[in-house]
Each structure stands twice: as C-alpha cells, then as structure tokens.
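J.: One predicted model, sequence on top.
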Amino acid sequence: MAGRHAQARFDFSLRKKMTPRDIADMFNDFAEDYEQVYVTLDWRPFEVVGDFMAKLIPEDHRSKLKVLDVGAGTGLLGNKLKNDGFTHVDGLDPAENMLNVAKRRNIYQRYLCAFINKERNGAIETDYYDYIVASGAFNEGLIPCEAFQEMIRIVKPGGRITFTVPTRYINSSDNLRDQLLPLIDQLAQEGVWEVTSVALEDGELSSTDGPGTLYSLRVFVSEKKF
Ligand SMILES: C[S@@+](CC[C@H](N)C(=O)[O-])C[C@H]1O[C@@H](n2cnc3c(N)ncnc32)[C@H](O)[C@@H]1O
C-alpha cells in the first residue's frame, strides 16, 4: 500500500498517534482508490443516513433545505442526497483530494476544505444550515466530540445533526470513548437537543464495522459552549 500513513487506513490502533493533519493526509493519498476499496467492505453508512433523511423529509420540501455533509469525502452521501432531491448540499472535508473526486462529479454546491472541530469556521454563518449529516466520519481519529459545539452553531434551531457511529468506536476511539454518549445525554437534559436513535445491526454499516447506531439530534438552540 503506497501513500502516507497507509497502514492506518484499516489498522485504527495506528491512528491514536496521528494528528488531524496526518489523518487528512492519509485520506488525501487514498482518495483515488477510496471508493474501489470501500465497495469491497459493503460500505453503506451513506445509504443509512440518506434513507433516514428521505424518510424524514417529504419530497417536495427537499429542494428548499440547506444541508451540510461533514466528513464528505468523495461525496457518496452527497450524491445519494442529490439523487433523492436535496438540491442544496455543501460538502466539508479537510482532505482536498477527497473533495476533488466529488468536485469532478459536481456533487456539492460548495466545497469547504476544513476540519470540523471546536473552532469557529469563519466561512459558515451561524444558523445557516437546516441539516447537518455525516456518514462514516465518527470513527477513530476523525470528527471529535468537541465539534458538536460548532455543528450546533451552524445548524438552525429546529434543524438536525444526523450521523452513524459503530458501537466499537464509541468504545475504543480516543475522540469518542467516555465522551460521546454522556455528551448526547447531558445536552438532551439541558434542552439543547432532542435525541432520536436507531439501532443498526451487524452488517448494516459495512461488513467490518459491526453493529452501530444512527443518531439524529434535533437542535433547539443557536449556540452552546461546552
Ligand atoms: C471514512 S471517510 C467517509 C467519507 C464519506 N462520508 C463516506 O461515507 O464515504 C471519513 C472522512 O472524514 C474526513 N475527516 C477526518 N477528520 C475530519 C474532521 N475533523 N472534520 C471533517 N472531516 C474529517 C476524512 O478526510 C475523510 O474524508
């Protein structure tokens, strides 16, 4: 396997020592082969999130909504949303080469090459998006829990943050372990969001991820610092 940090593509234990920039470089060097490799894993998180969105939102309303796909990668989820009638979908990802694959297919309206984390992204207005979605982007070394602060800022009150996470990463990832579930509960108790969760069986996300959960957090506030 050629490319920077190539072993860490599938050996997630190696990611623990990598910086966010290393992770982005790993995906940059993997971009052209990414989909070909992930197809062999029966990769489906983008379909799970896309199907949830399609069930939630009537067809005639979809083109009126602004959606941000965080950890957009090569645009698999954006493409599914676009095919389902969501015409305004932007993609955010720190790996430019991943976004370039999506750009060639004209998937997103706007391409934001950035990390989502605790920092405020000056290119995105407060309360700009109706929905934030993420597929396969809450795994070891990817989007950290602190990023919910920024997601809450950029999604409108009444909007939702919807993502999947495999159970094994909730238990093992340095970014999520002991943090993700308490944070989801705490902010629900404080009235920041209302939680919908859907259990996903082994095989629903991919052939290797095991069981997981789809979370859809309906956000009621404009900002929340934590
Ligand atoms: C496994 S890929 C998933 C891509 C796509 N959503 C899909 O379903 O195929 C994870 C993506 O998350 C991106 N990523 C990593 N850290 C991130 C962060 N802090 N903010 C946003 N995206 C991040 C990576 O660059 C990579 O493109």
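T.: Here it is on my side, so go on. Numbering: from 1, shown residues only.

J.: so Ile23, which of the three states?
T.: Under DSSP: H, G, I helix; E, B strand; the rest coil, the three-state class of Ile23 is helix.

J.: mind listing what the residue minimising distance to the centre of the chain touches?
T.: The residue lying closest to the centre of the chain (Cα atoms, centre = their mean) is Ala134, at 2.2 Å. Residues counted as contacts of Ala134 (Cβ atoms under 8 Å, 6 or more residues apart in numbering) are 49, 69-71, 77, 143, 161-164. C-beta: built from backbone N, CA, C; applies to glycine.

J.: Ramachandran coordinates for Leu68?
T.: Leu68 adopts backbone torsions of phi -120, psi 130, taken as degrees, to the nearest 10.

J.: Now the residue in the chain positioned nearest to the ligand: closest residue in space, sequence neighbours ignored.
T.: For the chain and the ligand, the shortest gap (Cβ to the nearest ligand atom) falls at Gly73, measuring 2.6 Å. Nearest non-adjacent residue to Gly73, counting by Cβ to Cβ, 6 or more residues apart in numbering: Met98, 4.7 Å away.

J.: what about the least confident helix or strand in the chain by mean pLDDT and the ligand, any contact?
T.: Every helix and strand in the chain was compared by mean pLDDT, DSSP states H and E; the lowest is helix 167-172, with a mean of 87. No. Helix 167-172 is not in contact with the ligand by Cβ under 6 Å from any ligand atom; minimum separation 11.2 Å.

J.: what's in contact with that helix?
T.: 12, 138-140, 176-177, 180-181, 209-213.

J.: Right, I'll leave it there.
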